[in-house]
Each structure stands twice: as C-alpha cells, then as structure tokens.
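A.B. asks: Build the 3D model from these lines:
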Amino acid sequence: MTSWLPGNLPQRVERAGMMFVPLTPALLDQDYAAVMRDITMLRAWSGQDWPTADFPIESNLADLVRHDREQRDGIALTYSVLLHGVVQGCIYVRPVLEALRTRGLEGAGSLQLVAADVVARGWLHDRAPADLIAASMSWLGAAPFTFPRLWWQASSACPDQLAACDELGLTDALRFDGPGGTWELRSPPPPS
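C.D. replies: Residues are numbered from 1 along each chain as shown. As a prediction, this is how the structure comes out:
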C-alpha cells in the first residue's frame, strides 16, 4: 500500500521553528514525556481514554514500534514534532478512508471524498494549534508529496484546533459522528 507515498520520505523537515522527524522507538523517552505531560488534552484529541494516568513506558514503546512499522510499510506517515530539539508532539497521515476507519467511521462520507485524498492529524505542546496545522499542511502539500487533496482531522473536543482551521482558511468541512465524539475533516476550498 505504498502507491500513495513518494519513494523517498523526508527524514527531517523544518517549518516555522518545528522539526518533523520519523516517529521511531529511538525517541521513546522524549515521546513518553510528551505523551504523559497533558493526559487530558491527549484524551480529548484522541477521542479515547488514552493515555491513562498509569500508562506504562512499555506500552508507549509498543506504540512507537507500531508507528515505525506503519511508516516503513507505507501504511501511514508518522512523525514526531520537535521544538528546540525536544519531542513535543506528533502528526499522523493516512489515506482518507483508512483515517476514517481508525476513528470507527467506516463508510462515512464516502460519497463526498476521493479515496486518494489524505488526512493529517496531530498534537503539539507549547505552540498554538494554528502553528502545527499550518506547518504540517505546508510541507505535506509540497514536493515530494502529490496528494490530490489534503485534509486536517480534528475532534470536536479540540475546539482550539477547529478554530485554527478557520483561522487558516480550512473552511471546507465534513463532520462525522462516531466513537469518541464528532470528528471534522477540514481543507481549503478547491480552486474554482
């Protein structure tokens, strides 16, 4: 399932003071610290009860191994977001139908979406959501990527991300009710 991705994925991308690097087990300690820093925010962002207050580092390692494998196998793009050299967040990118499936939204909106569209979602400490969304959409919308349409996915439990989408002109919106609440896909309107 690698046809949606370019052959050589970026190993380091810098945008607006943020550095994006592949999410791998080598980042375990920093990633774990970032995950455990604001459990309430991450639960709202994920629409799940993850992470728990007693989330063990071994479970985080298993998550990182899975995300690394997803990237190597071309299932998803998974990047850590570093500020000043320290992991402070992550982004995840998948084909649109797979992104909906991971949120329990199989079949939702299939008439409004093109299967080749791509969805990004992510979280970041210490910067405004608009900074993360703008930087992510900027580099994922440029070479080597050639996605037909790029959407940002946010939970209704993260109104700051939805407001950031409005601020950035991501005003085309698709809403889906599912497990964990209401999810929105946001994209700029297509050129007329």
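
A.B. asks: could you say what helices and strands the lengthiest helix in the chain packs with?
C.D. replies: Counting residues, the longest helix in the chain under DSSP state H turns out to be helix 57-72. Secondary structure elements in contact with helix 57-72, counted by 3 or more Cβ pairs under 8 Å, 6 or more residues apart in numbering; DSSP states H and E, are helix 28-37, strand 77-83. From N, CA and C alone the C-beta is placed, and that goes for glycine too.

A.B. asks: Tell me the first helix or strand C-terminal of the last one.
C.D. replies: Remark: after strand 77-83, the chain's next helix or strand is strand 86-95, criterion DSSP states H and E.

A.B. asks: I'd assumed Leu162 was in contact with Thr182.
C.D. replies: No: Thr182 is beyond contact range of Leu162, at 10.1 Å (criterion: Cβ atoms under 8 Å).

A.B. asks: intersection of neighbour lists for the two?
C.D. replies: Residues touching both Thr182 and Leu162 (Cβ atoms under 8 Å, 6 or more residues apart in numbering) are Ser156.

A.B. asks: Of the two, give the one with the bigger neighbour count.
C.D. replies: Leu162 (19 against 13; other Cβ atoms under 10 Å).

A.B. asks: Worst mean pLDDT across the helices and strands of this structure, which element?
C.D. replies: In the chain, no helix or strand scores lower on mean pLDDT, DSSP states H and E than helix 96-102, which sits at a mean of 85.

A.B. asks: Out of the helices and strands packed on helix 57-72, the one nearest Arg186 is which?
C.D. replies: Closest approach to Arg186 among the helices and strands packed on helix 57-72 (Cβ to Cβ): strand 77-83, 18.1 Å.
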